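S.K.: sequence first, predicted model second:
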Amino acid sequence: MIHTAVGLELRKTRRLRLWALCLVMVVAVVVLTTMNLGSESTRAGFTDPGAQPWEQLLLNQVLITAMTSPILVAVLAGRQVEIEHQGQGWLLARVSGFGPGLLCLAKAVVVGAALTVTVAAQCVLVVAAGAVAGIGSAPPLDLWARYGLCLVSVHLAVLCLHLWLAARVDNQLVGLGVGLLGAFYAVTSLLMPVQAAYFLPWGYYAAISPLAMEGNHLVAAAPAGWPFALFLCASAALFWAACRRFDRGEGGPA
């Protein structure tokens, strides 16, 4: 039955322009991350490994992503759920044999897949832009791959939160407001000790940064450890439990 629900959600994405929103976000992140590659001061360090041009570019992506991703996730979750509130979709789904919880799981699969493609496109295009601009050294692809994998994981965890919120609250401006506050917290967390990022889900956009400042140089940061794993497991378990409650008609959409 989940396959049928996912198929229905995929058809809804065309009407909701989900992929167009993801494309806009890809372009925005890539442009904002690479916009200084054409400056003379930046280009002067392309042939100097000590200037760490690739590390600076990756750090730019971490900053821009932390600034924009919470808003993107909130918008995508809100649009995918708002149609159910407006058109009695929850009731029609129940009549068709799809409980609200199953519908939320299907939405998580579809939007999660879109976010995964978005992250992959952003990382590939940023690295390609650096190579085309003329950075001479080899890019740290292991750090980029690690960051991309962790970023997808955080996206999925935050998406579960926003889908639950969007299902519980009819007004999707609430979810958007939470996303805006989350973006502020994510950027602020980049300037604080990593432990401070663990308090709220959006802080993990900063906690997964693969780079850390050591003196005047950027070095590979220690991978996110057990707090990150605990956060992901707890998010998945809580979302699964919330979907089960929705299907039983407890505290979920009517």
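M.R.: That came through, no problem.

S.K.: next up, the contacts around residue 148.
M.R.: Each residue near residue 148 by CB atoms under 8 Å, 6 or more residues apart in numbering is listed here: 119-120, 123. C-beta: built from backbone N, CA, C; applies to glycine.

S.K.: just checking, residue 175 touches residue 79?
M.R.: No. Using CB atoms under 8 Å, residue 175 is not in contact with residue 79, being 10.0 Å away.

S.K.: quick one, which of the two is more surrounded?
M.R.: Per other CB atoms under 10 Å, whichever of residue 175 and residue 79 has more neighbours is residue 175, with 26 against 20.

S.K.: so which helix or strand takes in the more buried one?
M.R.: helix 173-189 (DSSP states H and E).

S.K.: in that helix, what's buried?
M.R.: Neighbour-count burial for helix 173-189, counted by 16 or more other CB atoms under 10 Å, picks out 175-176, 178-179, 182-183, 185-187, 189.

S.K.: all helices of this protein, in order?
M.R.: Along the chain, the segments classed as helices by DSSP state H run 2-16, 18-34, 40-43, 53-86, 89-95, 100-133, 141-168, 173-189, 204-207, 226-247.

S.K.: most packed of those?
M.R.: Highest mean neighbour count among the helices of the chain (mean count of other CB atoms under 10 Å): helix 204-207, with a mean of 26.

S.K.: who are the packing partners of it?
M.R.: Secondary-structure packing of helix 204-207 (3 or more CB pairs under 8 Å, 6 or more residues apart in numbering; DSSP states H and E): helix 53-86, helix 141-168, helix 173-189, helix 226-247.

S.K.: distance from the chain centre to the longest one, please.
M.R.: Counting by CA atoms, centre = their mean, to the nearest Å, helix 53-86 is centred 5 Å from the centre of its parent chain.

S.K.: mean confidence for it?
M.R.: Across helix 53-86, pLDDT averages out at 91.

S.K.: I figured residue 99 hits residue 167, correct?
M.R.: No. Contact criterion CB under 8 Å: residue 99 and residue 167 do not qualify, at 11.5 Å.

S.K.: which residues are common contacts for those two?
M.R.: Shared contacts of residue 99 and residue 167 (CB under 8 Å, 6+ apart): residue 246.

S.K.: so, low pLDDT: which residues of the stretch 1-150 of the chain?
M.R.: Residue ranges of the stretch 1-150 of the chain with pLDDT under 70: 1, 3, 44, 49, 87, 89, 93, 95-96.

S.K.: rewinding a little: would you turn the buried residues of helix 173-189 into JSON lines with pLDDT and distance to residue 4?
M.R.: Listed next are these as JSON lines, based on pLDDT from 0 to 100; distance: CB to CB, whole Å:
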{"residue": "175", "pLDDT": "91", "distance to residue 4": "26"}
{"residue": "176", "pLDDT": "93", "distance to residue 4": "30"}
{"residue": "178", "pLDDT": "95", "distance to residue 4": "31"}
{"residue": "179", "pLDDT": "95", "distance to residue 4": "30"}
{"residue": "182", "pLDDT": "95", "distance to residue 4": "32"}
{"residue": "183", "pLDDT": "95", "distance to residue 4": "35"}
{"residue": "185", "pLDDT": "94", "distance to residue 4": "38"}
{"residue": "186", "pLDDT": "94", "distance to residue 4": "36"}
{"residue": "187", "pLDDT": "94", "distance to residue 4": "40"}
{"residue": "189", "pLDDT": "91", "distance to residue 4": "40"}
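
S.K.: redo those as TSV? Include distance to residue 196.
M.R.: Shown next, in TSV, are these (distance: CB to CB, whole Å):
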residue	distance to residue 196
175	24
176	25
178	19
179	20
182	15
183	16
185	10
186	12
187	13
189	6
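
S.K.: which one of those residues is nearest to residue 64?
M.R.: Closest approach to residue 64 among the buried residues of helix 173-189 (CB to CB): residue 187, at 9.7 Å.

S.K.: give me phi/psi at residue 193?
M.R.: Main-chain dihedrals, residue 193, degrees, to the nearest 10: phi -60, psi 150.
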